[in-house]
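Coordinates only, no sequence provided:
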């Protein structure tokens with residue numbers, strides 16, 4: 001069975017305090033390479049996120065970006 005490892009996903013969740021946006025990209029790769037971009041306040045979670053990714057995936061070049069947007073002031 002052939003399974004592609006090329007993918008893109010974007011998820012946005014909005015509320016009164018702002019929006020959180022996850023963007024994920026992956027391409028086929030011989031080894032597992034993980035690149036994460038997190039807001040400064042969440043950087044301490046990067047190691048945990050990498051460990052959880054490695055527990056599920058064994059190969060791919062994987063990039064993830066989490067961004068936060070505050071609502072415009074009126």
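That came in fine, so what should we check first? Only a predicted model underlies this, so the values are computations on that prediction, with no experimental measurement involved.

Can you show me the strands along the chain?
7-15, 18-27, 32-37, 60-69 (DSSP state E).

quick one: the first one to strand 18-27, angle?
Angle between the axes of strand 7-15 and strand 18-27 is 170 degrees (criterion: axes from the mean of the first three to the mean of the last three C-alpha atoms, to 10 degrees).

Now do strand 7-15 against strand 60-69: the angle between them, please.
Direction vectors for strand 7-15 and strand 60-69, defined by the same axes, to 10 degrees, enclose an angle of 20 degrees.

The shortest one now?
Relative orientation of strand 32-37 and strand 60-69, computed by the same axes, to 10 degrees: 10 degrees.

For strand 32-37, buried residues please.
Of the residues in strand 32-37, those scored as buried under the neighbour-count criterion (16 or more other C-beta atoms under 10 Å) are 34, 36. Glycine gets a C-beta too; all of them are placed from N, C-alpha and C.

which strands and helices sit next to that strand?
For strand 32-37, the contact count by 3 or more C-beta pairs under 8 Å, 6 or more residues apart in numbering; DSSP states H and E identifies helix 46-56, strand 60-69 as packing neighbours.

and with 10 Å instead?
Here strand 32-37 is seen to pack against strand 18-27, helix 46-56, strand 60-69 when contacts are counted using 3 or more C-beta pairs under 10 Å, 6 or more residues apart in numbering; DSSP states H and E.
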